[in-house]
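Novice: Next come a sequence and a model predicted from it.
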There are 2 protein chains.
Amino acid sequence: MPELRKDPVVGRWVIISTERSRRPTSFIPAAKGTPAGFCPFCPGNEDKTPPAVFTSRPNRAVAGAPDWTVRVVPNKFPALQIEGGLDRRGEGLYDRMNGVGAHEVIIEGPDHAPELADLPAEHIAQVLQAYRERILDLSKDTRLRYVLIFKNHGQQAGATLEHTHSQLIATPIIPRVLQEELEGARRYYELKERCVFCDIVHQETADNNGRRVVAMNDRFVALEPFAPRFPFETWILPLRHDASYQETADPSESLALAVLLRDTLQRLNRALDRPPYNFVLHTAPVGDSDLEYYHWHLEIMPHLTRVAGFEMGSGFHINPTPPEDAAQYLREIAAEGPADPGR
Amino acid sequence: MPELRKDPVVGRWVIISTERSRRPTSFIPAAKGTPAGFCPFCPGNEDKTPPAVFTSRPNRAVAGAPDWTVRVVPNKFPALQIEGGLDRRGEGLYDRMNGVGAHEVIIEGPDHAPELADLPAEHIAQVLQAYRERILDLSKDTRLRYVLIFKNHGQQAGATLEHTHSQLIATPIIPRVLQEELEGARRYYELKERCVFCDIVHQETADNNGRRVVAMNDRFVALEPFAPRFPFETWILPLRHDASYQETADPSESLALAVLLRDTLQRLNRALDRPPYNFVLHTAPVGDSDLEYYHWHLEIMPHLTRVAGFEMGSGFHINPTPPEDAAQYLREIAAEGPADPGR
C-alpha cells in the first residue's frame, strides 16, 4: 500500500511508494529500457490495460474501425490505490495515512500517432467530456477530496508512453497548490467581494488592451498570466464565473473550450517547435462546486527551461520571457501559420 | 532592469527578465551552443569574470600555483541587479517592483576537474566560510531580506558551466519556500514551545534507532527526512539549536560540516553513480538571527526523477524510494566504498 506522509514543518504531503521501492541502480540511465513497437493504448491491445472505467463510442460504427474514441482505464502502476481505509496514524511528531486514491489514464484517441493538438476540436471535446465524467463519478467516493486532471506531453515533461493521453489522480486531501489557490482567492473575496479570477479576466480583456491575451472566443480566453513561472505559460479561463469544471453540463461549453485549447496548443507548437508541455486543470474540490470566490481554469506550461536549485529551494521562479512578449509572439504566429482545420 | 511580479491569487513572486527577453527560437535545442574548452572560472581567466567580491588565499604561496582557493564574483548575467530602488508599484490588481538584489557565483576551487565532493574537507570548509562571509556582507544592505545559497551540480540539475561552483541570490522579499518554513516552524513553537527541527533531530537520532540517519558526527546529522519529495533527498542539520548559519562564527563548526557534507555527497555519488543534484541552504532571514523556532539546515536533492505535471499542478510529489530504504543504502554503501581521504 502506498503511503501519504506529511512534512511536519511546512505541512506538505508526499506520496511514498512503499511496495515498488526503487533501488539506487534503477535510477542510473543505462538500467532503463522501454520495449519498442508495442503500445498498450492502441486498439487491439485493450486487454493489456485494466478494464475501462469510461468509454466514448463513435456516433456511427465504421467497419474495421475501433469501437471507441476515448477510453479511461485505471493506471496499471498506480501512485495511489482505490481499496481500503485511510487509517490516519502518527509516528512521534510525524503524520501518515494510507495512500488511498485513484490513478487513471485518459487515452485521448485510438490512433497512436497524432498528439492532442492535432485531433479535431470535436474529438478534443470528447476528451474534455471524459474528464468531466470521471471527476463526477469519483466525487461520489466520500474518502476523496480532490480530483486532479493533468497531461504530461513529451518525454521531458514526464510522459513515459508516446500514445497521446492524460492522467487523473484523486486524493484524500486537497493538494497544496490548490489549497493555496483556494485560500488566496477566498482572502481576495473577503476583501473585495469579487472573484479574483473574474477581476483578472476583466482587467486582461478590457483595461490592458489585451497585451497578455493570446486568443479568445465567446466563452473562454487564453492569456499569459501577469506573473508566469515559466516562459510561454498560458492559462485558459472561462469568461463567466464558474467554480467547478465538472459541474458545467453544457456540451457547447466543451466544444468552445476544445476549440480554444486546440488553437492555443497549435500556436505553442508553431512558436516553439512542438515543445514538451504539461497542463493541469484547476477546479473546485469535490463537494464544493458553488464557491463564489473560485474560478476553474486550465494552466499550460511548456517545458523550455530547467527547474533547478534556486527554484526548488526558494519557490521563486526566474522567467526569461515577459508574458507580454510571449502573448505577442503567440498572437502573431497564428496569423502566419497554416490554416487551422479545427476552427 | 529585471522585474519582480506577484501572482495576485497565491502571492507567489516571480523574477521576469525584461532586458534579455528570450525569443521562442532561443528555446529550441539546436539553437543552443557553448564554446568548448574555455572556462571563465579557471585561473588565468580572472579578468573574464566581474571583479571578485570575496577571495580566499592559500595559507602558503607555492610558485606557479594560483593565488586563490575560493573566489566569489558577481554573476555576469544576473537574475537581479544590485543598483537602484525597489520602486513598488501597482498595475490594476497586480503588484510589481524592480528586480533589485544580488546574484553571485562562488567558484569553489581553482582546479577545473574535481567536483565539490572530491575536494579535501579543509577546502570545502573554506567554501562554506565564503558562503558565510557573503551572507554577512549582503545582510548590511537594508533593501535585502534574504540571501539564498544553492548549488546546481550537473547539467540536468541546471548547471551551465562544468567548473565546480555554487550560487547566491539575495532578494528583497523572503522567498516563498522559506516563508512557509518559517511560518510552519513558528506555529509549531507556539503550540509546543519547542523548535520543530530540534524535535526532528531528537526523534531521528534517539527514538527511531537511526532508521533514517545516513551519517553523523559530534556537531551534525545527515538524514533522510520523513516526507522527502525526491528519492535520496538528504538533509544535514546541526545537532544543537541554531537559527542562523551565517552567525555561527566557530571555524571548527565549518570543518565539521564540511566533513559530513563531503561524506554525504560521496555516499550519494557511490550509490547513484555521480548523480546530478541541487543543494539549498535554509537559514534565518537577514536581521532575524536569534529565532527560537527556526533551525538552519542544508537540503540536498539528487536529480533522479522528472518533476512533471502532477507535481507542478498539485505541489504533491510522488517519491518511489522510502527514506528508510534510502538511508539504509547510503549507510551501507560507505562501508563497502573506498577509504575516504577527507575524514
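Specialist: Arrived safely, thanks for sending. Numbers count the residues shown, from 1 in each chain, chains lettered A, B, ... in the order given.
Novice: pLDDT averaged over stretch A:79-97, what's the number?
Specialist: Average pLDDT, stretch A:79-97: 92.
Novice: Which parts of it count as buried, going by neighbours?
Specialist: Residues of stretch A:79-97 classed as buried by neighbour count (16 or more other C-beta atoms under 10 Å in any protein chain shown): A:A79, A:L80, A:Q81, A:I82, A:L93, A:Y94, A:D95, A:R96, A:M97. Placement of C-beta: from N, CA and C, glycine included.
Novice: what about A:T25, neighbour count?
Specialist: Number of residues near A:T25 (other C-beta atoms under 10 Å in any protein chain shown) recorded here: 12.
Novice: now A:D273
Specialist: By the criterion of other C-beta under 10 Å, A:D273 has 14 neighbours.
Novice: measure the residue lying farthest from the centre of chain A to chain B for me?
Specialist: Here chain A reaches farthest from its C-alpha mean at A:G92, the gap being 35.8 Å by C-alpha atoms, centre = their mean. Distance of A:G92 to chain B, computed by C-beta to the nearest C-beta, to the nearest Å: 5 Å.
Novice: That residue and B:R240, how far apart?
Specialist: Distance, A:G92 to B:R240, using C-beta to C-beta, to the nearest Å: 20 Å.
Novice: residues from the stretch 51-200 of chain A in reach of chain B?
Specialist: A:79, A:91-94, A:148, A:150-152, A:156-159, A:167, A:169, A:171, A:175-178, A:180-181, A:184-185, A:188, A:196-197, A:199-200 (C-beta under 8 Å from any C-beta of the partner chain).
Novice: Can you go through these and name the buried ones?
Specialist: By 16+ other C-beta under 10 Å, these give A:79, A:93-94, A:148, A:150-152, A:156-159, A:167, A:169, A:171, A:175-178, A:180-181, A:184-185, A:188, A:196-197, A:199-200 as buried.
Novice: tell me the mean pLDDT for stretch A:221-235?
Specialist: Mean pLDDT, computed over stretch A:221-235, is 96.
Novice: And it, end to end?
Specialist: Its first and final residues considered, stretch A:221-235 spans 8 Å by C-alpha to C-alpha, to the nearest Å.
Novice: I'm curious whether that stretch, anywhere along its length, sits up against chain B.
Specialist: Yes. Interface with chain B: stretch A:221-235 contributes A:P225, A:F226, A:A227, A:P228, A:R229, A:P231, A:F232 (C-beta under 8 Å from any C-beta).
Novice: how about a markdown table for those, with neighbour count added?
Specialist: Output for those, formatted as a markdown table (neighbours: other C-beta atoms under 10 Å in any protein chain shown):
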| residue | neighbour count |
| --- | --- |
| A:P225 | 22 |
| A:F226 | 24 |
| A:A227 | 25 |
| A:P228 | 25 |
| A:R229 | 20 |
| A:P231 | 27 |
| A:F232 | 29 |
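Novice: Where does the record place the domain boundaries for chain A?
Specialist: Split into domains by automatic domain parsing, chain A comes to A:3-16+A:39-171, A:176-336.
Novice: how many other residues sit next to A:F27?
Specialist: Neighbours of A:F27 (other C-beta under 10 Å): 21.
Novice: quick one, what contacts it?
Specialist: A:F27 makes contact with B:P231, B:L272, B:P275, B:L304, B:T305 under the criterion C-beta atoms under 8 Å, 6 or more residues apart in numbering or on different chains.
Novice: now do A:E122
Specialist: By C-beta under 8 Å, 6+ apart, A:E122 lies in contact with A:L255, A:A258.
Novice: Which helix or strand contains it?
Specialist: If you go by DSSP states H and E, A:E122 is part of helix A:121-138.
Novice: Buried residues, that helix. List them.
Specialist: Judged by neighbour count using 16+ other C-beta under 10 Å, the buried positions of helix A:121-138 are A:121, A:123-132, A:134-135, A:137-138.
Novice: Pick the one among the residues you listed closest to A:D67.
Specialist: A:Q126 (14.1 Å; C-beta to C-beta).
Novice: The closest one and chain B, how far apart?
Specialist: Distance from A:Q126 to chain B, by C-beta to the nearest C-beta: 21 Å.
Novice: just checking, that residue touches A:V70?
Specialist: Yes. Contact between A:Q126 and A:V70 holds when scored by C-beta atoms under 8 Å: they sit 5.0 Å apart.
Novice: Could you tell me which helix of chain A is the longest one?
Specialist: Ranked by number of residues, the top helix in chain A under DSSP state H is helix A:251-272.
Novice: Does at least one residue of that one sit close to chain B?
Specialist: Yes. Helix A:251-272 reaches chain B (C-beta under 8 Å from any C-beta) through A:A271, A:L272.
Novice: how far off helix A:121-138 does that helix point, in degrees?
Specialist: Angle, helix A:251-272 to helix A:121-138, by axes from the mean of the first three to the mean of the last three C-alpha atoms, to 10 degrees: 120 degrees.
Novice: Quick check: which helices or strands does the helix or strand following helix A:251-272 pack against?
Specialist: Using DSSP H and E, the helix or strand that follows helix A:251-272 towards the C-terminus is strand A:277-282. If contacts are counted by 3 or more C-beta pairs under 8 Å, 6 or more residues apart in numbering or on different chains; DSSP states H and E, strand A:277-282 sits against strand A:146-153, strand A:297-302, helix B:309-314.
Novice: Kindly recompute the last result at 10 Å.
Specialist: In terms of contacts (3 or more C-beta pairs under 10 Å, 6 or more residues apart in numbering or on different chains; DSSP states H and E), strand A:277-282 is packed against helix A:121-138, strand A:146-153, strand A:165-171, helix A:176-192, strand A:234-238, helix A:251-272, strand A:297-302, helix B:309-314.
Novice: and it, which strands flank it?
Specialist: strand A:146-153 (antiparallel), strand A:297-302 (antiparallel) (DSSP bridges).
Novice: JSON lines please, covering these and showing distance to B:T283 and mean pLDDT.
Specialist: As requested, those are exported to JSON lines (distance: least, C-beta to C-beta, whole Å; pLDDT from 0 to 100):
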{"stretch": "strand A:146-153", "distance to B:T283": "33", "mean pLDDT": "95"}
{"stretch": "strand A:297-302", "distance to B:T283": "30", "mean pLDDT": "95"}
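Novice: Would you reformat those as JSON lines and include distance to B:L291?
Specialist: Shown next, in JSON lines, are these (distance: least, C-beta to C-beta, whole Å):
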{"stretch": "strand A:146-153", "distance to B:L291": "34"}
{"stretch": "strand A:297-302", "distance to B:L291": "35"}
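Novice: Quick one: end-to-end distance for stretch A:47-61.
Specialist: Across stretch A:47-61, first to last residue, C-alpha to C-alpha, it's 21 Å.
Novice: can you list contacts of it?
Specialist: A:38-42, A:46, A:65-76, A:78, A:102, A:104-107, A:109-110, A:122-123, A:126-127, A:129-131, A:133-134, A:137-138, A:168 (C-beta atoms under 10 Å, 6 or more residues apart in numbering or on different chains).
Novice: worst-scoring helix or strand of chain A, pLDDT-wise?
Specialist: helix A:309-314 (a mean of 73; mean pLDDT, DSSP states H and E).
Novice: which element follows that one toward the C-terminus?
Specialist: Per DSSP H and E, the helix or strand that comes after helix A:309-314 is strand A:317-319.
Novice: which among the buried residues of helix A:121-138 gets closest to chain B?
Specialist: Lowest distance from chain B to the buried residues of helix A:121-138 (C-beta to the nearest C-beta) belongs to A:Y131, with 13.4 Å.
Novice: low pLDDT regions in the stretch 201-343 of chain A?
Specialist: A:207-208, A:249, A:308-310, A:334-343 (pLDDT under 70).
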